[in-house]
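>>> sequence and computational prediction follow.
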Number of protein chains: 2
Amino acid sequence: MSEQSAPGRVIGILGGMGPEATLDFYRHIISLTPAAKDQDHVRVLIYSNPKIPDRTKAIAENGPSPLPELIETARTLERGGAGIIAIPCNTAHYFLAQIRKEVSIPVLDIIGETRLELQRAYPDIRKVGLIAALGTVVSGVYHRALAPEGIEVLVPGEDDQQAVQKAIGQVKAGVVNKGTRETFQSTGKRLIDMGAGAVILGCTEVPLAFDPAEVSYPSLNSTRILAQAAVAWALRP
Amino acid sequence: MSEQSAPGRVIGILGGMGPEATLDFYRHIISLTPAAKDQDHVRVLIYSNPKIPDRTKAIAENGPSPLPELIETARTLERGGAGIIAIPCNTAHYFLAQIRKEVSIPVLDIIGETRLELQRAYPDIRKVGLIAALGTVVSGVYHRALAPEGIEVLVPGEDDQQAVQKAIGQVKAGVVNKGTRETFQSTGKRLIDMGAGAVILGCTEVPLAFDPAEVSYPSLNSTRILAQAAVAWALRP
């Protein structure tokens, strides 16, 4: 199978936002690659840089900008030989255009890839729910990607969004329990009740505490969708 | 807690041997770091390069040498800003001295770290069992590290070693089942019956199919031990 992967194709991962989400993303990269031995797998260069300032705080609370550190991390990946960059953090995509300007290799778009997967898997959906960090919600990255397609994004009410934000923080602190799972599950259910045809897990921490088998509604895992795009690139002849 | 980690400290991981073992190593790095938020974690630069030729085949079957690719991968980590390199593959440590010569940053030694942990945790042990890939067994890397300490390394009989080698290949192919677990467990038990006071899981694939809670004898997880050394370095003031 090693012929499938051109020798020079290295997936760059701009990670650490948070580390557990990057770990989960790398896990998807491995499991989505058909491989019977080490050499069948694709080369991956991961810079897990958790020192990148908080994205939601920058967007919603006027905190320090993560952009300089995002750019420096992207450049390190490019210098290290990456042929493409994937960023397993939805909120960081608010800065996508600015990151793309600073490197000469393509940077995948988790929002755009999730939109494509939504349209492929559920072509008739006109309303979709979004479980995401506050920075992703208020920056409107999903709204701007989906509005031109005639798809409305439904977001949680204020109390639910606060609970989601708290649960994301818990996952980042390594706390995944019944409470965090219940927060994501019930928020998703309320978005479905509001008319959503499916729910986007639009923060890479959410899938770490969300099992699609435990709910009765369809969900889209943005981490896995981005990994599919990266692996498809790496295996392209 | 972010004060604990000097800003410049980046752990380099020379990985991909195999990718699942590198994933497991990164998981240990994250879980061994005390952190309540992303920024408390340490920077990690991982080059998962599964194209590195098979180490056991090079040592035991005169296959192509992994050394050029190991050196190039180490150099990429150094150029990317890593301050230390960890190699979560025991067999690759046969080439450790040659890799160290080619980079100017320190390269941790999984064999030496495991020896230190063995002596710390079980100071009275004079015989230790080794479950490892054939390349690690025949190259004698553990024997050479432990003999000067008066510790004898017991290795599986030929049939057991063949079964271990096959099970390691299965783990690399993503197959972890009752059979692979049973192979590692029973091989360890026979090493204990031969007089070993503990068993070294001396291949980073083995802990993926070995639960210490399922056996009645002590074991040392070389993956976790190497991660402890790397995190200790990163958190040193």
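Good, I have the coordinates.
>>> what segments of chain A are strands?
A:10-15, A:43-48, A:84-86, A:127-131, A:152-154, A:198-201, A:219-221 (DSSP state E).
>>> among the ones you listed, which is nearest chain B?
Closest to chain B of the strands of chain A is strand A:43-48 (C-beta to the nearest C-beta; 4.1 Å). No exception for glycine: its C-beta is placed from N, CA and C like everyone else's.
>>> got JSON lines for the strands of chain A, with mean pLDDT too?
Shown next, in JSON lines, are the strands of chain A (pLDDT from 0 to 100):
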{"stretch": "strand A:10-15", "mean pLDDT": "98"}
{"stretch": "strand A:43-48", "mean pLDDT": "98"}
{"stretch": "strand A:84-86", "mean pLDDT": "98"}
{"stretch": "strand A:127-131", "mean pLDDT": "98"}
{"stretch": "strand A:152-154", "mean pLDDT": "98"}
{"stretch": "strand A:198-201", "mean pLDDT": "98"}
{"stretch": "strand A:219-221", "mean pLDDT": "98"}
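>>> make TSV from the ones you listed and add distance to chain B and mean neighbour count to it.
Shown next, in TSV, are the strands of chain A (distance: least, C-beta to the nearest C-beta, whole Å; neighbours: other C-beta atoms under 10 Å in any protein chain shown):
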stretch	distance to chain B	mean neighbour count
strand A:10-15	8	27
strand A:43-48	4	28
strand A:84-86	13	23
strand A:127-131	19	25
strand A:152-154	25	18
strand A:198-201	18	25
strand A:219-221	18	21
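>>> okay if I get those strands as a markdown table plus distance to B:Gly195?
Listed next are the strands of chain A as a markdown table, based on distance: least, C-beta to C-beta, whole Å:
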| stretch | distance to B:Gly195 |
| --- | --- |
| strand A:10-15 | 45 |
| strand A:43-48 | 42 |
| strand A:84-86 | 50 |
| strand A:127-131 | 56 |
| strand A:152-154 | 66 |
| strand A:198-201 | 52 |
| strand A:219-221 | 50 |
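>>> to B:Arg236, which of these lies closest?
When the strands of chain A are compared by C-beta to C-beta, strand A:43-48 sits nearest B:Arg236, at 18.8 Å.
>>> next, A:Asn90: phi, psi?
The phi/psi pair for A:Asn90 (degrees, to the nearest 10) reads phi -70, psi -40.
>>> report how many residues lie close to A:Leu191.
26 (other C-beta atoms under 10 Å in any protein chain shown).
>>> which one is it nearest to, not counting chain neighbours?
In space, and not counting its chain neighbours, A:Leu191 is closest to A:Gly129: 2.8 Å by C-beta to C-beta, 6 or more residues apart in numbering or on different chains.
>>> quick check: beta-bridge partners of that neighbour?
With DSSP bridges applied, A:Gly129 shows beta-bridge pairing to A:Leu154, A:Val199.
>>> ok, it - contacts?
A:Val153, A:Leu154, A:Val155, A:Pro156, A:Gly188, A:Leu191, A:Ile192, A:Met194, A:Ala196, A:Ala198, A:Val199, A:Ile200 (C-beta atoms under 8 Å, 6 or more residues apart in numbering or on different chains).
>>> look up how far A:Pro66 lies from the fourth one.
Think A:Pro156. For A:Pro156, the distance to A:Pro66 equals 24 Å [C-beta to C-beta, to the nearest Å].
>>> those two - which one has more neighbours?
Higher neighbour count among A:Pro156 and A:Pro66: A:Pro66, with 26 against 23, using other C-beta under 10 Å.
>>> surely the more buried one meets A:Pro53?
Yes - if you go by C-beta atoms under 8 Å, A:Pro66 and A:Pro53 touch, sitting 4.5 Å apart.
>>> tell me, what's touching the two both at once?
When C-beta under 8 Å, 6+ apart defines a contact, no residue borders A:Pro66 and A:Pro53 alike.
>>> which bits of chain A sit near chain B?
Proximity of chain A to chain B is confined to A:2, A:7, A:16-20, A:23, A:26-27, A:30-31, A:35-54, A:76, A:79-81, A:169, A:172-174 under the rule C-beta under 8 Å from any C-beta of the partner chain.
>>> can you list the domain ranges for chain A.
As assigned by automatic domain parsing, chain A contains the domains A:2-109+A:225-235, A:110-221.
>>> deepest in the core, which of those domains is it.
Of the domains of chain A, the one with the most neighbours on average (mean count of other C-beta atoms under 10 Å in any protein chain shown) is domain A:2-109+A:225-235, at a mean of 21.
>>> show me how far that domain is from its chain's centre.
Centre-to-centre, domain A:2-109+A:225-235 and its host chain are 10 Å apart (C-alpha atoms, centre = their mean, to the nearest Å).
>>> check stretch A:166-184 too.
In this view, stretch A:166-184 has its centroid 17 Å away from the chain centroid, taken as C-alpha atoms, centre = their mean.
>>> what's that stretch in contact with?
A:18, A:20, A:131, A:133, A:163-164, A:201, A:203, A:205-206, A:208-211, A:214, B:31, B:35-38.
>>> comparing the domains of chain A, which gets the lowest mean pLDDT score?
The weakest mean pLDDT among the domains of chain A belongs to domain A:2-109+A:225-235, with a mean of 94.
>>> A:Lys178 and A:Ser216: what is the separation?
Distance from A:Lys178 to A:Ser216, by C-beta to C-beta: 18 Å.
>>> let me redo that: A:Arg224
Distance, A:Arg224 to A:Ser216, by C-beta to C-beta: 20 Å.
>>> what of A:Ser31?
Per C-beta to C-beta, A:Ser31 is found 25 Å from A:Ser216.
>>> likewise A:Thr56?
From A:Thr56 across to A:Ser216, the span is 29 Å (C-beta to C-beta).
>>> cool, and A:Asn49?
38 Å.
>>> can I get stretch A:224-234 in CSV? Just the C-alpha atoms.
Taking Å, rounded to 0.1, in the frame of the first residue of the first chain, the C-alpha atoms of stretch A:224-234 are listed here in CSV:
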residue,chain,number,x,y,z
ARG,A,224,-12.9,13.5,11.9
ILE,A,225,-14.1,15.4,8.8
LEU,A,226,-10.8,17.4,8.8
ALA,A,227,-8.8,14.2,9.2
GLN,A,228,-10.6,12.7,6.2
ALA,A,229,-9.6,15.7,4.1
ALA,A,230,-6.0,15.5,5.3
VAL,A,231,-5.7,11.8,4.7
ALA,A,232,-7.3,12.1,1.2
TRP,A,233,-4.7,14.7,0.3
ALA,A,234,-1.8,12.5,1.6
